[in-house]
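Undergrad: this one's sequence-less:
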């Protein structure tokens, strides 16, 4: 029985790791990182949403995916934060997974998304 539990545990852990879960970052911590110039931000929302207001310094993922490696900092230890619409949106994983695939080691998720950013009264950038 212990062997079966061990095997099941292994596969659950492996599946969780493969799913690309990323640590959350707070709005306050992201604002500080932006102010300090120590973060690359990836917006995975649609083009209209991005044009209507995005987090300052954010790279629009859909229009930049093919050149993301050129737009992100050379230092692979740089904090990279991906976000989408809200805490119920999983699209951020596309940007986070791409950054991880490019070798970035400090990838996080702003689970509040752009809706939480706006609710917090945080600054927006517009294209």
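TA: Received the coordinates, thanks. Note that the structure is predicted; figures quoted are calculated from it, not measured.
Undergrad: any idea how far residue 44 is from the most centrally placed residue in the chain?
TA: Centroid-nearest residue in the chain: residue 82, 1.7 Å away (criterion: C-alpha atoms, centre = their mean). Residue 82 sits 6 Å away from residue 44, taking C-beta to C-beta, to the nearest Å as the criterion. Where you see a C-beta, it was placed from the backbone N, CA and C, and this is true even at glycine.
Undergrad: shared neighbours, the two?
TA: Listed as contacting both residue 82 and residue 44 by C-beta atoms under 8 Å, 6 or more residues apart in numbering are 61, 92, 94, 95.
Undergrad: just to check, the first one is in contact with residue 43?
TA: So that's residue 61. Yes - using C-beta atoms under 8 Å, residue 61 is in contact with residue 43, at 6.2 Å.
Undergrad: ok, those two, which is more surrounded?
TA: Legend: neighbour count by other C-beta atoms under 10 Å for residue 61 and residue 43, higher for residue 43 (27 against 23).
Undergrad: how many residues are close by the nearest residue to that one once chain neighbours are set aside?
TA: Nearest in space to residue 43, with sequence neighbours left out and distances taken as C-beta to C-beta, 6 or more residues apart in numbering, is residue 58 at 4.1 Å. By other C-beta under 10 Å, 23 other residues sit near residue 58.
Undergrad: what does residue 47 give?
TA: For residue 47, using other C-beta under 10 Å, the count is 11.
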